[in-house]
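Engineer: Return atomic coordinates for the entry below.
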Amino acid sequence: MTTRTDHAAQVAAPGAGRVFSLSWPMTLKAIFLHSTVVIDGFLLSALGEGALAAMGLAAALGGIVLGVIFAFSHAMQIRAAQAFGTGQHLGLKSALASGLAVSLCVGVLGIVAIFAFGQSLLTALAPTAEIAADAWVYLQIFSIVIFGEAIGQCIASFFNGCGRSKLPLYGYIISLPVNILTSVALIHGLWGLPQLGVAGAAVGSAVAITMQTSFWVLLLIRKDKAALFVPGWRQGTFGATLARHVRFSLPIAATFISATLAAHVCTLIYAKMTLTGFAALTLIAPWNQLAGQISMQWTQATGIIVAQLLGQNAREETLDRFLSRAWRGAFVTAVIVALIFVFMCFSLDWLYPDLAVETRMILFGFLPILVIIQFPRATNAICGNTLRAAGDTVYVMYIFVATQWLFRVPATALLVLYFNVSAFWILSLFLIEEILKFPAFHMRLWRGDWKRSNVAD
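Structural biologist: Residues are numbered from 1 along each chain as shown. Below is the predicted model:
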């Protein structure tokens, strides 16, 4: 049996510039992606709390389906990168077709579940019948967004995996102004268009996603025609190819879904805290999500390039050299994110002037944790994305699921429900979780088996 060293390719180790050129469009795309519901909320705020509540309820249910789609699209990104590294059109077509099949299946099943159970769930959750009715109209239209994202996110991940991360960004640059203008016009009935209120925001999002996905489909046909129409499948038949893709994707999707569920469970537990503590933890969450994209997308770009290098059968010393450069870059991104939190904490009086003084004091007290956590989080993410790129997806899943459900969730429940500790100690659980992951990730990476992974097999 041959090993990687027997046929190792003479591939130059990419530098940090290659990671940066791949990661900055992915970072902007991620920020735009998270802004879709934020834009709807901002535009609907003029209609009052009832409209915001209707949109929030509908977006929460639709967001569950979108979360699963995004989880599988991350796995698709790695498979595309592995196939791109091999330089074989057959592998690229197989990865794209399998990813689309899985994504569409998730999207269609989610939409069916929404139409089967969504109205009754909204009726049970909404405080008034009027809010429930508005939320149901919004959710029905939002199903178009779900279907569009099922196709679009898969194509965007394919582009990222092939090292063309600017193409998905172009789609968001086109769709974002369309979303804003269409939503404003339809919410308020401007320029002769009907006044739809809450439904107008959903229509704006649906129009924007339809345009964005159509743009990506056209780009795909134009740039990858040779790969799309190559005969055959990577594993002989489409059924075997799809099964192989699902086996690879499930642990990655399970990791992301587990993280989302753990976050929701912890948020429900936070509701039992003091109002100021709960408010502080609620306010810090979107900052974590948006600022953290800088480090997260750098480490994901690192994983994409590792997958490409493994597909090219690069030498072990090439992989080591690249990873050391990417690692140094990850520490730079951690410093940048830490500085953002320093700015945020020292600007609380300006950012949140209407907050109670006690809430602002709690937020400022978070600063040491918010600074320190960026460094173990970045280096753990480098390890996790590298191991995923080599196909070691189950081990990575075990680490995340174990630390979330055997430590953070029960520790949160214990400290909040029984010991009634301050919000500072609740936030510190995230830092302790990263410290617990550290040896498991780094020992696996340093063992070096990932460098000999045959991703083309």
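
Engineer: From residue 302, how far off is residue 435?
Structural biologist: As for residue 435, its distance to residue 302 is 21 Å (criterion: Cβ to Cβ, to the nearest Å). Just so you know, the C-beta spots here come from the backbone N, C-alpha and C atoms, and that holds for glycine as well.

Engineer: Give me the more crowded residue out of those two.
Structural biologist: Using other Cβ atoms under 10 Å, the more surrounded residue of residue 435 and residue 302 is residue 302, with 28 against 13.

Engineer: for the closest residue to that one other than its chain neighbours, what are its contacts?
Structural biologist: Distance criterion Cβ to Cβ, 6 or more residues apart in numbering; nearest residue to residue 302, sequence neighbours excluded, is residue 326 at 4.2 Å. Residues near residue 326 by Cβ atoms under 8 Å, 6 or more residues apart in numbering: 16, 19, 298, 302, 305, 382.

Engineer: got JSON lines for the residues you listed, with pLDDT too?
Structural biologist: What follows is the contacts of residue 326, written out as JSON lines (pLDDT from 0 to 100):
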{"residue": "16", "pLDDT": "84"}
{"residue": "19", "pLDDT": "92"}
{"residue": "298", "pLDDT": "94"}
{"residue": "302", "pLDDT": "95"}
{"residue": "305", "pLDDT": "94"}
{"residue": "382", "pLDDT": "95"}
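
Engineer: Show me just the buried residues among those.
Structural biologist: 16, 19, 298, 302, 305, 382 (16 or more other Cβ atoms under 10 Å).

Engineer: With distance to residue 443 and secondary structure added, can I get those residues in CSV?
Structural biologist: CSV is the format used below for the buried ones among the contacts of residue 326 (distance: Cβ to Cβ, whole Å; DSSP: H, G, I helix; E, B strand; the rest coil):
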residue, distance to residue 443, secondary structure
16, 25, helix
19, 24, helix
298, 23, helix
302, 19, helix
305, 23, helix
382, 14, helix
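
Engineer: Greatest separation within the residues you listed: which pair is it?
Structural biologist: Using Cβ to Cβ, the two most remote members of the buried ones among the contacts of residue 326 are 16 and 382, lying 12.5 Å apart.

Engineer: low-scoring stretches of the stretch 51-200 of the chain, by residue?
Structural biologist: Flagging of the stretch 51-200 of the chain using pLDDT under 70 yields an empty set of residue ranges.

Engineer: for the host helix or strand of residue 443, what is the average pLDDT?
Structural biologist: Using DSSP states H and E, the element containing residue 443 is helix 423-447. Helix 423-447 shows a mean pLDDT of 95.

Engineer: Buried residues, that helix. List them.
Structural biologist: 423, 426-434, 436-437, 440-441, 444-445.

Engineer: can you pull the contacts of the nearest residue to residue 242 once chain neighbours are set aside?
Structural biologist: Leaving out its chain neighbours, the residue that sits closest to residue 242 by Cβ to Cβ, 6+ apart is residue 98, at 4.9 Å. Neighbour list for residue 98: 79, 238, 241, 242, 244, 245, 246 [criterion: Cβ under 8 Å, 6+ apart].

Engineer: what's the spacing between the helix or strand encompassing residue 98 and its chain's center?
Structural biologist: Assigning secondary structure by DSSP H and E places residue 98 in helix 89-125. Centroid separation between helix 89-125 and its chain, computed with Cα atoms, centre = their mean, to the nearest Å, is 16 Å.

Engineer: Now do the next helix or strand after that helix: which elements does it pack against?
Structural biologist: Downstream of helix 89-125, the next assigned helix or strand under DSSP H and E is helix 129-161. Helix 129-161 is packed against helix 16-44, helix 49-86, helix 89-125, helix 166-188, helix 198-223, helix 293-311, with contacts defined by 3 or more Cβ pairs under 8 Å, 6 or more residues apart in numbering; DSSP states H and E.

Engineer: Setting the sequence-adjacent residues aside, check what's closest to residue 184.
Structural biologist: Spatial nearest neighbour of residue 184, chain neighbours left out: residue 43 (6.0 Å); criterion: Cβ to Cβ, 6+ apart.

Engineer: Pull up the gap between residue 412 and residue 370, please.
Structural biologist: Counting by Cβ to Cβ - residue 412 and residue 370 are separated by 18 Å.

Engineer: out of these two, which sits in the busier spot?
Structural biologist: Neighbour count, other Cβ under 10 Å: between residue 412 and residue 370, residue 370 has more, with 23 against 20.

Engineer: Find the helix or strand that the more buried one is a member of.
Structural biologist: helix 367-372.

Engineer: got the residue ranges for the helices in the stretch 201-350 of the chain?
Structural biologist: Ranges of helices within the stretch 201-350 of the chain are 225-228, 238-270, 275-291, 293-311, 316-346, 348-351, based on DSSP state H, counting those that start in this stretch.

Engineer: Which of those helices sits closest to residue 73?
Structural biologist: Residue 73 sits nearest to helix 238-270 of all the helices of the stretch 201-350 of the chain, at 9.2 Å, using Cβ to Cβ.

Engineer: average model confidence for that closest one?
Structural biologist: 88.

Engineer: packing partners for it?
Structural biologist: helix 49-86, helix 89-125, helix 275-291, helix 393-403, helix 409-413.

Engineer: mind redoing it with 10 Å?
Structural biologist: Identification of packing neighbours for helix 238-270 by 3 or more Cβ pairs under 10 Å, 6 or more residues apart in numbering; DSSP states H and E yields helix 49-86, helix 89-125, helix 275-291, helix 374-389, helix 393-403, helix 409-413, helix 423-447.

Engineer: how distant is the shortest one from the center of its chain?
Structural biologist: Looking back up the chat, that one is helix 409-413. Chain-centre distance of helix 409-413: 24 Å, with Cα atoms, centre = their mean.

Engineer: buried stuff in it?
Structural biologist: For helix 409-413, burial by neighbour count (16+ other Cβ under 10 Å) applies to 409, 411, 412.

Engineer: The second one now?
Structural biologist: Residues of helix 89-125 classed as buried: 89-103, 106-107, 110-111, 114, 118-119, 121-122 (neighbour count, 16+ other Cβ under 10 Å).

Engineer: The longest one now?
Structural biologist: Under the neighbour-count criterion of 16+ other Cβ under 10 Å, helix 49-86 has 50-86 buried.

Engineer: Check which helices and strands it sits against.
Structural biologist: Under the contact criterion of 3+ Cβ pairs under 10 Å, 6+ apart, helix 49-86 touches helix 16-44, helix 89-125, helix 129-161, helix 198-223, helix 238-270, helix 293-311, helix 374-389.

Engineer: for those helices, which one ends up most surrounded?
Structural biologist: Across those, averaging neighbours per residue (mean count of other Cβ atoms under 10 Å) puts helix 293-311 on top, at a mean of 26.

Engineer: then that helix to CSV, C-alphas only?
Structural biologist: C-alpha atoms of helix 293-311 as CSV (Å, rounded to 0.1, in the frame of the first residue of the first chain):
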residue,chain,number,x,y,z
GLN,A,293,-16.5,36.3,12.5
ILE,A,294,-13.0,37.8,11.9
SER,A,295,-11.3,34.8,13.7
MET,A,296,-13.9,32.3,12.7
GLN,A,297,-13.6,33.0,8.9
TRP,A,298,-9.8,33.0,9.1
THR,A,299,-9.8,29.6,10.7
GLN,A,300,-12.4,28.3,8.2
ALA,A,301,-10.2,29.6,5.3
THR,A,302,-7.3,27.8,6.9
GLY,A,303,-9.3,24.6,6.8
ILE,A,304,-10.2,25.1,3.2
ILE,A,305,-6.6,25.5,2.2
VAL,A,306,-5.5,22.5,4.2
ALA,A,307,-8.2,20.4,2.4
GLN,A,308,-6.9,21.7,-0.9
LEU,A,309,-3.3,20.8,0.0
LEU,A,310,-4.3,17.4,1.1
GLY,A,311,-6.2,16.9,-2.2
